[in-house]
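1. compute the structure for the input listed below.
(chains A, B and C)
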Amino acid sequence: MSEVIRVKQLTKDFGDFRAVNDLSFTVGQGQVYGFLGQNGAGKSTTIRMLLTLIEPTAGEIEIFGMNLRKHRREILRQTGAIIEKPDLYKYLTAKENLRIFSRLSGAKVTEQQIMDQLALVGLAGRSDSKVKTYSQGMKQRLGLAAALIHNPGLIILDEPTNGLDPQGIADMRNLILHLSHDLGKTLLVSSHLLSEMEMIADHMIIIHKGRKVVEGIVDELLNPEKSMVELVTADLPGTLNLLQQTTWAAMLKEPVNGTLRLEMNKAAIPEFNRDLVEQGIAVQSLRPMNTLEDYFLSLTKA
Amino acid sequence: MFIDLLKIELFKIFKRPRTFIAFGAIAVIILLVQFALKVNGKDFVQFYTDSQADTFDIPYEKILNGYFVCVAVLHMILIHVPLLVALIAGDMISGEAGLGTLRLIAGKPVTRTQLILAKFSASTVYVILLLVWMAVFALLGSMLIFGTEDLVVFRETDMHIMKSGDVLWRFFAAFVFAALALTTIAAMALMFSVFSENSLGPIVATVCVVIVFTIVQQLRVPVFEETVNPWSFTTHMLGWKGFFYVDKNAEGATIAGSVENPGSLVRSGLILTGYIVLFLLISIRGFNKKDILS
Amino acid sequence: MKKMRVLFLLLFLAAPALYAQEVRTLLQQVKAKYDKVNDYTATGKMKTNVIFIKAPVATVKVYYKRPDKLKIKNESGVSFIPKGSANVNMNNVLGLSDYEAVDGGTEKIAGINCRVVKIFPLSDDESITRSTLYIDETKLLVMKSVISTKENGTYELLMSYKQYAEWGLPDKVELTFNTRDYKLPKGVTIDYDNGSGKDKPEDAKNKKGKVEIAYSSYIINKGVPDSVFN
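-> Numbering: from 1, shown residues only, chains lettered A, B, ... in the order given. Here you go, the predicted model:
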């Protein structure tokens, strides 16, 4: 599978504040790539860097195999995006907005294509209404239509379900899946809701305080056979030392907030518990984290 | 692509109600001035000629003609038009930032330099249309209401009379120069707009700068006359009036088609152009360096 | 010897009266010449040379009707006509009924030897307080006049004659008059500073203004309606 996005050691500083820290990830052709993180984790900053709205402090971005800085125009011509809430020109109609954004994207779009796009997002009946008369959900859908009007290969959606009612969220989800499964588009979708990602993304990255925490295939990350186990002991360094000399060492993950983490089959947990006791480790707590949600929450609480 | 961008910017400008407020305001002000001069025009002319009423027969009715009224209107309103220009140009970037559309257009396959130039060009077109509108109301309207005659222009220490056949080209040149002057304001407002996230700041900043420099200019104290005023854009923005200052020959008779000290007009034009280029360069550099966080 | 002394004294005392009589006669002769013109309509070019007025050369029409009606009109444009321009009409002086005339000797004007006649109106009703005429005695033409008025100061007229000399009508008139300072309050006009103000004299007070009318044609005694003088 070819790579559509390759981000290497991306860093962005705003003065003394490091918003994105040494972030690397890749998005493959046709993937729905979930970009997960708490509010303020650095998702929007990263997305803005992908769209050249923000200049990175360090690192490299390649999209469609081209350097973003050198081939900005070619890349953006094939990219559509909604960034945060889809603010459009309120004093213009839906049709006028789409006409403007298609021209800005360098595409020659017919009136029929504009109407088709509006029909795709369920706004054909309100094509001549001014955007200021639209509900939040309608604006969101129009924003998506504006992102898609020039038929881009890569679609970047930043929190696309924000402010939507349950029906709107479901519609957006179905649209994303349609774009991916039926039209073969590559999507990078950011959200702070893991549940959303679980339903639409096939690959996923979780970032926290600008850093990558975990990246992988969603099914594997959410594998019911496997579980992240959180271990709290009286002597963390001693425990870590002991474990590193055992077969459990391969399952060790980065410690988080004074707790050890190991990824293992759920069936192995009793045996692990027994091993700890036999080695005289004073276990204060041993807790399997059932879903990625737990894992995500434990990170974000930290 | 640039033409497409310009069309888009013009489309956006002329789809906003506030654009037409400026056109409406200009029409109303001009009509009010014309009405006032139609009713009390003689008093207005007397104000300028009072000191000479004992020495000369003053042809009040002839002086109060369409050309004279147009100059009076321009004198009264051109000093306020920068506000109307700032309303549009000061909103060009910051307005989009406030609206949330800046991140959408800046993420499109157009360079930021192109965007700035398109927005500047659209502001210039707006300025030109504003002046054409002004010309229609102030010049054609006054010509229809007051008729045409020789033009008398009163300056602080002298008065200039131009034959009616030697006037229209002066208005054309004055409007072109006014366009250059107002484009300077547009470029400045656009520059402020680049560095702001809301519309009000650049508009207020532009108007404040114009007011401050106008006051400094009007103070006429040597410390400013010799240092600031020769380079202040507000000094040179009045250049449109220079086309109504006519030159005279050795016998004291005016020379048709002449302008008093045309070199100063060229200098003013070049200084204003210099300001436009400077403001644009700062805007382009600032916008290209700007992290769009809105 | 005593007789001679008395005769000399008589002659000395009677001389001014004789001269006055002479200049009165001269004035009457000149008036008689000017009186041949009942009215005229003249066309000419007017140049204005006033320090604070920049005006183009204007085509003017001058209307005259005896005894004292005179109007200069710029019918195709705007001109600032000096109020004393009515004095272009010599009848203002020559038509005086009650005056004292004094011979002021001779003086050359434009190369012509002229008799200088000083005229003092005796009536308080006249707008002229005094006048000096420089008369070409051979052609009976007023070549120059200096007229002091009660309200509008002093006017100096210099005339040259060519084809209308027989009617006493000049081909060219130069009217010099006193002007008042022209200065508007600061900030009223908000002028563009084109650098020209720096060359101007600081004080334009009490400067002389000059208007020159070069006549191209006269229509004499063909009637002029009174309405043009309103």
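
2. hey, let's count contacts and neighbours off CA atoms from now on
-> Will do.

3. quick check, C:C114 in contact with C:K108.
-> Yes - with contacts counted by Cα atoms under 8 Å, C:C114 reaches C:K108, the gap being 5.6 Å.

4. can you tell me, leaving aside adjacent residues, what's nearest to the residue in the stretch 151-294 of chain B that chain A sits nearest to?
-> When Cα to the nearest Cα is the measure, the stretch 151-294 of chain B has its nearest residue to chain A at B:D291, with 4.5 Å between them. Leaving aside its sequence neighbours, B:D291 sits nearest to A:I54 (Cα to Cα, 6 or more residues apart in numbering or on different chains; 4.5 Å).

5. residue contacts, the one you found?
-> Taking Cα atoms under 8 Å, 6 or more residues apart in numbering or on different chains as the contact definition, A:I54 lies against A:T45, A:R48, B:K290, B:D291, B:I292, B:L293.

6. so which other helices or strands are in contact with the helix or strand harbouring A:I47?
-> Mapping A:I47 onto the secondary structure by DSSP states H and E places it in helix A:43-50. Packing partners of helix A:43-50 (3 or more Cα pairs under 8 Å, 6 or more residues apart in numbering or on different chains; DSSP states H and E): strand A:17-28, strand A:32-37, strand A:154-158.

7. residues near B:V221, how many?
-> Here the count is done by other Cα atoms under 10 Å in any protein chain shown, and B:V221 has 11 residues near it.

8. oh, I was asking about A:W248
-> Other residues within reach of A:W248 by the criterion other Cα under 10 Å amount to 15.

9. tell me how far B:I8 lies from chain A.
-> 6 Å (Cα to the nearest Cα, to the nearest Å).

10. name the nearest residue to that residue, ignoring sequence neighbours.
-> Closest residue to B:I8 in three dimensions, ignoring its sequence neighbours and counting by Cα to Cα, 6+ apart: A:I100, at 6.5 Å.

11. helix/strand/coil for the one you found?
-> What DSSP: H, G, I helix; E, B strand; the rest coil gives for A:I100 is helix.

12. I figured it was touching B:L10, is that so?
-> No - using Cα under 8 Å, A:I100 is not in contact with B:L10; the gap is 11.4 Å.

13. ok, those two, which is more surrounded?
-> Comparing A:I100 with B:L10 by neighbour count (other Cα under 10 Å), the higher total belongs to A:I100, at 23 against 18.

14. pLDDT score assigned to A:L240?
-> At A:L240 the predicted local confidence, pLDDT, stands at 88.

15. an error on my part: the question was meant for A:D235.
-> 86.

16. longest single strand anywhere in chain C?
-> When every strand of chain C is counted residue by residue (DSSP state E), the longest turns out to be strand C:208-220.

17. so which elements touch that one?
-> Helices and strands touching strand C:208-220, by 3+ Cα pairs under 8 Å, 6+ apart, are strand C:39-49, strand C:172-178.

18. burial of the nearest residue to A:A94 once chain neighbours are set aside, as a residue count?
-> Closest residue to A:A94 in three dimensions, ignoring its sequence neighbours and counting by Cα to Cα, 6+ apart: A:S127, at 5.1 Å. Counted by other Cα under 10 Å, the residues lying close to A:S127 total 20.

19. for B:L272, same thing?
-> Neighbour count of B:L272, defined by other Cα under 10 Å: 27.

20. touching chain A at all, the host helix or strand of B:V132?
-> Secondary structure here is read from DSSP H and E; on that basis B:V132 sits in helix B:112-134. No - between helix B:112-134 and chain A, judged by Cα under 8 Å from any Cα of the partner chain, nothing touches; the nearest distance is 10.1 Å.

21. okay, now residue 212: neighbour count?
-> Picking chain A for this. Applying other Cα under 10 Å, we find 20 residues neighbouring A:K212.

22. please go with chain B instead
-> By other Cα under 10 Å, 12 other residues sit near B:V212.

23. got the residues of the stretch 51-200 of chain A near chain B?
-> A:51-55, A:72-77, A:81-83, A:86-89, A:91-92, A:100-101, A:103-106.

24. just the residues you listed: which are in strands?
-> Within those, residues falling in strands by DSSP E are A:A81, A:I82.

25. only whichever of the residues of the stretch 51-200 of chain A next to chain B are buried, select them in PyMOL.
-> Burial among those is assessed by 16 or more other Cα atoms under 10 Å in any protein chain shown; the matching PyMOL selection reads:
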select buried, chain A and resi 51+52+53+54+55+72+73+75+76+77+81+82+83+86+87+88+89+91+92+100+101+103+104+105+106
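
26. quick revisit: wait, the residue of the stretch 151-294 of chain B closest to chain A sits on A:T57?
-> No - using Cα under 8 Å as the test, B:D291 is too far from A:T57 to be in contact (11.2 Å).

27. more neighbours, the two?
-> With other Cα under 10 Å as the criterion, B:D291 and A:T57 differ in neighbour count, and B:D291 comes out ahead with 18 against 15.

28. phi and psi next, for the more buried one.
-> For B:D291, the backbone dihedrals are phi -80, psi 120 (criterion: degrees, to the nearest 10).

29. against B:D166, how distant is it?
-> Taken as Cα to Cα, to the nearest Å, the spacing of B:D291 relative to B:D166 amounts to 54 Å.

30. residues touching B:M92, list them.
-> B:K119, B:L190, B:S193.

31. make TSV out of these and add distance to B:S283.
-> As requested, the contacts of B:M92 are exported to TSV (distance: Cα to Cα, whole Å):
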residue	distance to B:S283
B:K119	11
B:L190	7
B:S193	9
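
32. format those residues as JSON lines; extra columns: pLDDT.
-> Converted to JSON lines, those look like this (pLDDT from 0 to 100):
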{"residue": "B:K119", "pLDDT": "96"}
{"residue": "B:L190", "pLDDT": "96"}
{"residue": "B:S193", "pLDDT": "96"}
